[in-house]
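Q: Can you look at this prediction? I've put the sequence above it.
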Amino acid sequence: MPELSKIPWPFLILSFISILCALYVVTSNSPIRSVLALILTFFSISAHYVMLNAQFLAIVNLIVYAGAIMVLFLFVLMLLNLNKETEPLKSNKWLIGAAVSAGLLLLVFTASIQTSSEHIMRHPEAGTGLVKSLGKVLFTDYLVPFELSGILFLAAMVGAVMLGKRDAANESDTEITGREEV
Amino acid sequence: MRSLLLIFLGAIAILFAGLGKKEIRMLPWAIALLLGALVFIPMDWIANEQPDWVNHIVPYFMMVFDRSALAFMAVIIIAAMLVLGLFGQREITGSDQLGLILFSLCGALILCSFTHMVMLFLGIEALSIPLFVLAGSRKKDLRSNEAAIKYFLMGAFSTAIFLMGCAFVYGGTGTLDLSVMQRVIPGSAAMGGMTGLAKTGVVLLMTGLCFKIAAVPFHFWSPDVYEGSPNRTTLFMATVVKIASFSAFFRLFNFAFSSPLAHGNWSFVLAILAAATILVGNIGALAQRNLKRTMAYSSIAHAGYMLLAILANPLESFWALIVYSLAYAGSSAVVFYILNKVQEKKGNTEFESFNGFGRANRWLGILLILALFSMAGIPVTAGFAGKFLLFSAAFTGFKWLVIVALLGSAISIAYYFRVFRHAFLTEADGDIIKPEWQDSVFLAIAATVLLLIGIWPALITGLQLFELH
Amino acid sequence: MKPDSIFHTVEISHYIYLSCVLFCIGLFGVLFRRNAIVLLMCIELMLNAVNLLFTAFSSYMGDSSGQLFVFFVMVVAAAEAAVGLAILVMMFRNTRTTDVSFLSNLKG
């Protein structure tokens, strides 16, 4: 593992925040607190993006993840009134099993990084992450995937409406239709 | 390309046509659409090049419609036609469900033709997202709900693992383009082999795809999801989704990671997974009392056989995989049709519900025998041709695996025979089932495919595949 | 800090370690938690770890394709979250819970 003292402090602080918040997301008993911690994690990851010169992604990350997806989560949690801390946690057997498998995976990752991280070529260019250069590539080379993501959204929208809309037969449901569209 | 565009535009048209107040029967239109898409494939096959206008509009296309892609596309469209044709008449088919099936089909076709990781990823998602919804399309049925949520959580989880694999491969090779990757990986041999990043990435990609094809040990979701989903969705998952995922698997591993160096890294792991899949699938199927669940386990076992094609030399195993996929799609369609009809009459799919089925319905009984024979791999059916070609392609490299596969096929005869025993050798009176004429047409198509390829496999294997990626 | 100095002081491996740790935390959550909404959040966390890794590789290699991939991952994550929450709400209407261990009708 690298020596901590050589790593610059902004990176250390941001990483510390992201890992702490991520742990809180996973361990907190209240879903609302999990969502809020997850939003904080996304903010710190956005800050990492800024440090990596990926300004476009930093903004999109905030708008899409923190702004849209997480608000959707919050809406659903509040509409379903799920903030009671009712979730019975799994037994210790599960805790140990999950921790061991996650730890093993981390070990595998660490081993693979240590043998190979020096292979990565390093020629950063300052302009890579700007809207101008990304947009140019997105609308030329990546045009087909871009259109395809349109199909994906259409399919997701139709699907969400199909599941959310009320059948004529059951009128006794609570008023929770029509909230899925992003 | 033209078939993909046609299906996509047709899906949108069908969605919009469903907006009106008046109920229109969309199903004939959808089937006509698929027929049209199927007609384009021989045309593209003869031309064997991308139409020029594509290159003019988009300089870099990220898909290649070569002959290997077209062959898979044809199989997938035929499988989808059988699903729509056999299950559309009675089930409530809103235009939204039909549109979702066609969108999912678009994803499947992309999985046959991608040359870039972005397209692979988007194809997998376009294939899965509509299916999450379709698995839960019986909204009031708790089992359908459970299937949807399990399928969704497993799908999203496997996507995350697959993406981690993409990221590692990107870090290890510096590219997301499959053809560049193919060139970079042998080059890294000079620098002491594939980097650890790329190796881990390949294993993670394999894990993600194994979730999709339900290979052991990532199969645990599939019996529950297959049992809980509506019959039509289950058939779609078992045939179209599985074949499309295999086409993606085949293309990725035999194109991007095909150099001997990379092949040595992943082939052994995959061989062990294939052996485990065959054994667990077949032994699991023996323990079931419900035909739908048995079919889920048998589809796990079939995935194991199809994994042999990815391990073997791609030039030999390509047509074997195509023949096997066709046989698998045809026989699954027939079995699921009969299963659906019996479920309509009896309300469940336990083996006892099939008692006396073969005596009451002569023609459907013969079809059931044909489909079961094809699944078990008994000669003169397409399943035998497919298994024979697959096993002989894999025999040079993986003798022990072929022996395991033969053992698995022997086990499988036991549970296919159990269906046969209940349908033909019991004294009970079965219900008489009258297929509608549309159903009969598609059943006849499935039977023709099963028999014709079984008798004359050279019809397909004789086709010339000039360049196989 | 000057815009480019990060590339000279922070090794790429630090970013890889960070995102691997985040990914494994997400994985731990998926295995350990039972509330379907929290499971979905853990999966989003895993996707974000992947995004961070892609962005780090892309920035260090000066290659924009990694960042575009992240863009598509975000698109798909949004679509997936919409469908997933719709399925969750549907399940909640029928069972009045989002606990996944409640779901055990299908066994055999």
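A: That came through, no problem.

Q: which residues touch residue 57?
A: Since no chain was named, I'll use chain A. A:Tyr49, A:Gly129, C:Asn51, C:Thr55, C:Gln67, C:Val70, C:Phe71 (CB atoms under 8 Å, 6 or more residues apart in numbering or on different chains). Bear in mind the C-beta positions are built from the backbone N, C-alpha and C, glycine included.

Q: my bad, the chain I had in mind was chain C
A: A:Ile120, B:Ala167, B:Tyr170, B:Gly171, C:Ile12, C:Asp63, C:Gly66.

Q: How much space separates it from B:Leu176?
A: To B:Leu176, C:Phe57 is 10 Å away according to CB to CB, to the nearest Å.

Q: What of B:Ser95?
A: With CB to CB as the criterion, B:Ser95 and B:Leu176 are 36 Å apart.

Q: Equivalent analysis for A:Ser28, please.
A: From A:Ser28 to B:Leu176 the distance is 36 Å (CB to CB).

Q: Among these two, which residue is more densely surrounded?
A: Between A:Ser28 and B:Leu176, counting by other CB atoms under 10 Å in any protein chain shown, B:Leu176 is the more crowded of the two (25 against 18).

Q: nearest residue to the more buried one other than its sequence neighbours?
A: In this structure, B:Leu176 finds its nearest non-sequential neighbour in B:Met117, 4.2 Å apart by CB to CB, 6 or more residues apart in numbering or on different chains.

Q: Do you know the pLDDT at C:Ser104?
A: C:Ser104 carries a pLDDT value of 61.

Q: whoops, I mixed them up, A:Asp173
A: For A:Asp173, the pLDDT comes out at 43.

Q: for B:Ser158, same thing?
A: 94.

Q: next one: B:Ile161
A: Looking at B:Ile161, the pLDDT reads 95.

Q: So which bits of the lowest-mean-pLDDT helix or strand in chain A are buried?
A: Comparing helices and strands within chain A by mean pLDDT, DSSP states H and E singles out helix A:92-114 as the least confident, with a mean of 85. Buried residues in helix A:92-114, counted by 16 or more other CB atoms under 10 Å in any protein chain shown: A:Ala98, A:Ala102, A:Leu105, A:Leu106, A:Val108, A:Phe109, A:Thr110, A:Ser112, A:Ile113.

Q: And stretch B:370-384, by the same measure?
A: Buried residues in stretch B:370-384, counted by 16+ other CB under 10 Å: B:370-378, B:381-384.

Q: End to end on that stretch, go ahead and measure it.
A: Stretch B:370-384 has an end-to-end distance of 11 Å (criterion: CA to CA, to the nearest Å).

Q: picking up where we left off before, between C:Phe57 and B:Leu176, which contacts overlap?
A: Counting by CB under 8 Å, 6+ apart, the residues touching both C:Phe57 and B:Leu176 are B:Tyr170, C:Gly66.

Q: contacting residues for residue 14?
A: No chain specified, so I'll use chain A. A:Ser44, A:Ala47, A:His48, A:Met51.

Q: Switch to chain B, please.
A: Applying CB under 8 Å, 6+ apart, the residues near B:Ile14 are B:Met26, B:Trp29, B:Ala30, B:Leu33, B:Ser95, B:Leu98, B:Gly99, B:Leu102.

Q: Adding pLDDT and distance to chain A, write those residues out as TSV.
A: Listed next are the contacts of B:Ile14 as TSV, based on pLDDT from 0 to 100; distance: CB to the nearest CB, whole Å:
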residue	pLDDT	distance to chain A
B:Met26	80	14
B:Trp29	84	17
B:Ala30	86	15
B:Leu33	90	16
B:Ser95	79	10
B:Leu98	88	11
B:Gly99	89	6
B:Leu102	92	9
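
Q: Now intersect those with the helices, please.
A: Cross-referencing those against helices under DSSP state H gives B:Trp29, B:Ala30, B:Leu33, B:Ser95, B:Leu98, B:Gly99, B:Leu102.

Q: right, and the pair among the residues you listed with maximum separation?
A: Among the ones in helices among the contacts of B:Ile14, the pair separated by the greatest distance (CB to CB) is B:Leu33 and B:Ser95, at 12.6 Å.

Q: Check whether the longest helix along chain C comes near chain B.
A: Scanning chain C for the helix with the most residues, using DSSP H, yields helix C:65-95. Yes - using CB under 8 Å from any CB of the partner chain, helix C:65-95 reaches chain B at C:65-66, C:68-69, C:72-73, C:76, C:79-80, C:83-84, C:86-88, C:90-91, C:94-95.

Q: Any chance of a PyMOL selection covering the buried ones in those residues?
A: Selecting only the buried entries of the residues of helix C:65-95 next to chain B in PyMOL, with 16+ other CB under 10 Å as the criterion:
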select buried, chain C and resi 65+66+68+69+72+73+76+79+80+83+84+86+87+88+90+91
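
Q: Could you list which of the residues of helix C:65-95 next to chain B also contact chain A?
A: Within those, those near chain A by CB under 8 Å from any CB are C:Ser65, C:Leu68, C:Phe72, C:Val76, C:Ala79, C:Glu80, C:Val83, C:Ala86, C:Ile87, C:Leu88, C:Met90.

Q: can you tell me the helix or strand for the closest residue to A:Leu105 other than its chain neighbours?
A: Leaving aside its sequence neighbours, A:Leu105 sits nearest to C:Cys24 (CB to CB, 6+ apart; 5.5 Å). If you go by DSSP states H and E, C:Cys24 is part of helix C:12-32.

Q: next one: B:Ala329
A: helix B:314-346.

Q: Repeat that for B:Gly171.
A: B:Gly171 belongs to helix B:142-173 when assigned by DSSP H and E.

Q: backbone phi and psi for the residue sitting nearest the centre point of chain C, please?
A: For chain C, C:Leu47 is the residue whose C-alpha lies nearest the centre (CA atoms, centre = their mean; 2.3 Å). For C:Leu47, the backbone dihedrals (degrees, to the nearest 10) come out as phi -60, psi -40.

Q: Just put the contacts of A:Leu57 in a markdown table and tack on distance to B:Ala13, neighbour count and pLDDT.
A: Shown next, in a markdown table, are the contacts of A:Leu57 (distance: CB to CB, whole Å; neighbours: other CB atoms under 10 Å in any protein chain shown; pLDDT from 0 to 100):
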| residue | distance to B:Ala13 | neighbour count | pLDDT |
| --- | --- | --- | --- |
| A:Tyr49 | 40 | 26 | 92 |
| A:Gly129 | 40 | 23 | 75 |
| C:Asn51 | 35 | 30 | 95 |
| C:Thr55 | 39 | 28 | 92 |
| C:Gln67 | 35 | 27 | 92 |
| C:Val70 | 33 | 27 | 94 |
| C:Phe71 | 29 | 23 | 93 |
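
Q: Export those residues as JSON lines, with columns for distance to A:Val161.
A: Output for the contacts of A:Leu57, formatted as JSON lines (distance: CB to CB, whole Å):
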{"residue": "A:Tyr49", "distance to A:Val161": "33"}
{"residue": "A:Gly129", "distance to A:Val161": "35"}
{"residue": "C:Asn51", "distance to A:Val161": "28"}
{"residue": "C:Thr55", "distance to A:Val161": "33"}
{"residue": "C:Gln67", "distance to A:Val161": "32"}
{"residue": "C:Val70", "distance to A:Val161": "28"}
{"residue": "C:Phe71", "distance to A:Val161": "25"}
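
Q: These: which two are farthest apart?
A: Every pair of these checked by CB to CB; the farthest is A:Gly129 and C:Asn51, at 12.9 Å.

Q: quick revisit: is chain A contacted by the helix holding B:Gly171?
A: Yes - remark: helix B:142-173 sits within contact range of chain A at B:Phe168, B:Gly171, B:Gly172, by CB under 8 Å from any CB.
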